[in-house]
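**Student:** Predicted coordinates and the sequence they were generated for:
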Amino acid sequence: MPQKHIVERGESTHLIALKYGFKSWTIIHEFPDNAELFKTRKPALLYPGDILWIPDKSVVDRAGVTNQSHTVVITTPKNFFIRVRLIDEDCQPICQRKYTLKLFGVDDCDVEPEPSPGATDDAGILDVEVPPETSVARLWVAGHEAADITYPEYHCNLHIGHLDPYVEVPGIKQRLFNLGYYFGDQLEPGVQSDLMRALFEFRRAHGIDHERRGRSLTEYVQDAEALQKLRLIHDNIDKKFELRTKDDAGSNSNGAITLPTLTVTATSQQRIPTHRVSPLYDPAGSALNTIRIYTPPKIIFDAHLHIQSNNCAPLPLARGLAADKSPGLARVIMLNFQYTGRKTLNWLGRRVAEDLGKIGPERTDLIADRVIDDSTNFARFGANELQQLEQRQIARMASIVVLPMDMDLAHFEGYYGEPIYYTRDRRFTVITPTDPPLTFILDPKPSRLYDFSEKRRYTAEEPAAGEAAERAVADDFRARGNIVIEEKAQFGSHVYFIKHYDDHTNDGTVTWLHRDEFNLHENFPEQVTHTETAAVRYPWQLLPLFHYDPRRWQLSSTAAGVGGISRHDQLGAWDQPFSHIAIAPRDPFPAQKGRYIGFKMYTSMGYKPSQYKTSQSKDNGDMLLPRLRDYYDLCSKEGIPILAHCTPEGAYTHERHLYYSNTETTRQKRIEMFKRDFVSPDAWKPVLADFPDLKLILAHFTGDSENMAWHGLHLSLSEALGNPKQDLWSLELSKGELLALSKEPLMGRSDWLDSMIDLIKSYPSVYVDISFLDVESVKTEFAMIMLAHPELLPRINFGTDWYMTQTEKKYMGYMTQIERLVKALEDIDRRHFSDEPVSLLTRFSYDNPMRCFDIKNIAQPYSDGLCEKNLAIANETVGWDTSRHEREIKQRLALIKKARDPL
């Protein structure tokens, strides 16, 4: 009587036949009682729970004469074949690659067998005949180098007979795992969001319509076209797939796919790379298993980070910020402001400003070293599947967008090209005839360049009169018997600055800056040098933006012969910085090599985004920046991104209260007006109206302190929910509840946030970044805004604003901040966005910045610009390893080119 056998994991027909003492799997396959099952199953692809009927063994009687020898032919069990096609990250066959294979039987996995070397054929296939008891094969594939990429050795286990039918959910997962798209639990029968996301990537990579269009996860997974393509790519079987439903009895008929009720489960980690493959019984057949042993590199972006030294801020600016943010500290600084201001500031900062005070005083290139030390851990972040995935990825790399700062002109007279640190080629030293003699330097006596009482710029003669007054004072001292020495500048210029002034008067205390103090200052040209050197030392790990202050770049075009700058007090042609930008070919513009990937603007340093328009000259008619129009026009035409500071906090000019007449009520009122007109999202509306295709990134998504928009939204949402005592996230509000709440008038306290959303919805190339936004503290509000405005999803860039964040204890350490931000995004993703084709983290840290900065298209011109700078540095630097840096530039360029195209 036939025996009933329930198939277990890893059992193929040949192993079951061997278990019951049959020499050939065909005996079970051809047994009539199994005919119905094998209509939908292949002998090598059984599924746990399938039922096989085992025929009775027949006993054959053979006559024989006693006391004689007889020959009996015994049939041994048939061997089968392991046939695996190896493909690379581009899904191309890996041909003529050496490999080593070790075979383990069902009961001898602890016995180390002899290795069997071989090489794939011209189709990338290894085809090996193996004994029937083989259950596991251990495979080593040799590494190699090609096209500036080092491909590592790949080591994995092949579990033979463990591949499930492609019409079962685990079978789909196992094939997607083998092809490098899925890294979750291969045996879980539920349809989870990670399976949907893997299918999305597979469909996109192989030219299948990948849009969800309102389909449920189950419907998306059931798509016949995708499953047919999956079977073709993995099994090399091109057979039309017809989806049928599961019958009432729960058995499969005619190729039906078994899909249980939708369940969303967490992805499980698997420590050992294990590929489930099917044995092959027909040596002449075309069926096989396909394993993609390499996958594209993993690139993750921090699209907003600082490496510039805090010493780039001139002392009056630093003092003004300290006075606002730490009055006690400011008073101490004032005690020694003339000679030891910077040293005192840095000394105190190291003690009271957390890590910001420790990192900030370092030189720009040294801060870059700190970032790179941490970026390796950042590159490894965000992969639950890391153990399995890392062996197959060509590389993992963090690419960090760094933002230099030009603060040299960050005061009122910056409009006239005057830096905060004024320069003079001579000064007067007086030595008295007393005993002992006294020595002192005469204070400079310049006028400000702007007459606040008359609201006009001084004429050219009036500042000259101030210099004449200085000489008159020196002559008076000399006439009274003092020795007066006229000191000519030995180091380019003597430097002085306005130490103190009263609101809206022309009076102020002016003092000379000590040469040692000036040497501590890292001015913009010096910062550019350090930044570019760091970008070459760490190619594609540090991606700088060029800081564009239109007050510095206000001269006529470079076509008129105006070039670059080498001193802090120099001005340049408005279009000269464009020669530093890597530009993708864009009709009618050819590609241009460069060392920067875009521009940074920081309008809170004292200029309006739309200062090229006459309508912006209410109080100060001559304070226009007409070249700004040309700048925006060229950025728009060439697709160059501009990242703009857009939060009322952060750094700002110490003279922001001077930008409005003193009839504008209080000083604080004038400051609020400055924030609105110079920094807010609304300040950019006139620019975008003129240049609607301008690629603009508004940084910080307004920020989240108590003075910012997210805090106002939090208060409004809390009130709408009855001011619950617990954290809003712990309320576990559903997607529907959040959408309903978003229709309430909650944005009244959040006009900056409301304005940013409006700009994103109105203009196709406006982005935001979430640098210095503590998403963890506003998870509910953040989720609600994205659910209510899905247009935001492709326009948000991941960013940290490190090291500016290092005043916050919750952010201490770069990776601490990364972990906090990643956790928040993953929490929001699991609860509200699991049906999206990619995770929020992947979208924000890869797809959006890749598209925003046009990384794929500028890759070659940017790398060419780095190579050019590499040679220039070599000509100026002893011991510079030119060949190593050039090699690294080319290697990382190859990785960028291999990375998948962004959504």
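**Tutor:** Happy to help now that I have it.
**Student:** what's across from the most centrally placed residue in the chain in the sheet?
**Tutor:** Central residue of the chain (C-alpha atoms, centre = their mean): F301, 1.4 Å from the mean position. Note on F301: beta-bridge partners by DSSP bridges are S399.
**Student:** what sits against it?
**Tutor:** 398-401, 797-798, 845-846, 849-850 (C-beta atoms under 8 Å, 6 or more residues apart in numbering). For the C-beta atoms, the positions are set from N, CA and C on the backbone; glycine is no exception.
**Student:** how about a markdown table for the residues you listed, with neighbour count, distance to Q817 and pLDDT added?
**Tutor:** Converted to a markdown table, the contacts of F301 look like this (neighbours: other C-beta atoms under 10 Å; distance: C-beta to C-beta, whole Å; pLDDT from 0 to 100):
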| residue | neighbour count | distance to Q817 | pLDDT |
| --- | --- | --- | --- |
| A398 | 24 | 14 | 93 |
| S399 | 28 | 17 | 96 |
| I400 | 27 | 13 | 97 |
| V401 | 26 | 16 | 98 |
| N797 | 28 | 16 | 99 |
| F798 | 26 | 11 | 98 |
| S845 | 29 | 13 | 97 |
| Y846 | 24 | 19 | 97 |
| P849 | 29 | 17 | 99 |
| M850 | 22 | 22 | 99 |
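**Student:** Strands - which of those land there?
**Tutor:** 398-401, 797 (DSSP state E).
**Student:** tell me which of the residues you listed is nearest to A123?
**Tutor:** S399 (35.7 Å; C-beta to C-beta).
**Student:** Got the domain ranges for the chain?
**Tutor:** As given by automatic domain parsing, the domain ranges for the chain are 3-35+49-54, 80-299, 301-406+522-855, 422-519.
**Student:** from these, which stretch is densest packed?
**Tutor:** Greatest average neighbour count among the domains of the chain goes to domain 301-406+522-855 (a mean of 19), per mean count of other C-beta atoms under 10 Å.
**Student:** how long is that one end to end?
**Tutor:** Its start and end residues considered, domain 301-406+522-855 measures 11 Å (C-alpha to C-alpha, to the nearest Å).
**Student:** From the chain's centroid, how far away is that domain?
**Tutor:** Centroid separation for domain 301-406+522-855 versus its chain: 14 Å, with C-alpha atoms, centre = their mean, to the nearest Å.
**Student:** which regions of the stretch 551-700 of the chain lie under the pLDDT threshold?
**Tutor:** Low-confidence segments of the stretch 551-700 of the chain (pLDDT under 70): 559-563, 614-623, 661-665.
**Student:** And the strands in the stretch 251-400 of the chain, which stretches?
**Tutor:** Listed in chain order, the strands of the stretch 251-400 of the chain (DSSP state E, counting those that start in this stretch) span 274-277, 289-292, 298-305, 396-402.
**Student:** Please name whichever of the domains of the chain is nearest to N870.
**Tutor:** Of those, nearest to N870 by C-beta to C-beta is domain 301-406+522-855, at 5.0 Å.
**Student:** Check the domains of the chain for me: which has the lowest mean pLDDT.
**Tutor:** Mean pLDDT across those is lowest at domain 422-519; the value there is a mean of 78.
**Student:** For R370, which non-adjacent residue is spatially closest?
**Tutor:** I359 (6.7 Å; C-beta to C-beta, 6 or more residues apart in numbering).
**Student:** Would you agree that neighbour is in contact with D369?
**Tutor:** No. Judged on C-beta atoms under 8 Å, I359 makes no contact with D369 at a distance of 11.0 Å.
**Student:** Distance of the residue nearest to the centre of the chain relative to V402?
**Tutor:** From F301 over to V402 the distance is 12 Å, taken as C-beta to C-beta, to the nearest Å.
**Student:** repeat for W880
**Tutor:** W880 sits 21 Å away from V402, going by C-beta to C-beta.
**Student:** go on, M196?
**Tutor:** On the measure of C-beta to C-beta, M196 and V402 end up 36 Å apart.
**Student:** Likewise for R292?
**Tutor:** Taken as C-beta to C-beta, the span from R292 to V402 is 34 Å.
**Student:** before we move on, the earlier item: quick one, what contacts the residue nearest to R370?
**Tutor:** Taking C-beta under 8 Å, 6+ apart, we find I359 in contact with 367, 370, 803, 806.
**Student:** Name the member of these with the shortest distance to H711.
**Tutor:** Using C-beta to C-beta, Q806 is the member of the contacts of I359 that sits closest to H711, with 21.0 Å.
**Student:** which one is the closest one nearest to, not counting chain neighbours?
**Tutor:** According to C-beta to C-beta, 6+ apart, the nearest residue to Q806 is D355 (3.7 Å).
**Student:** Fine by me, we can end here.
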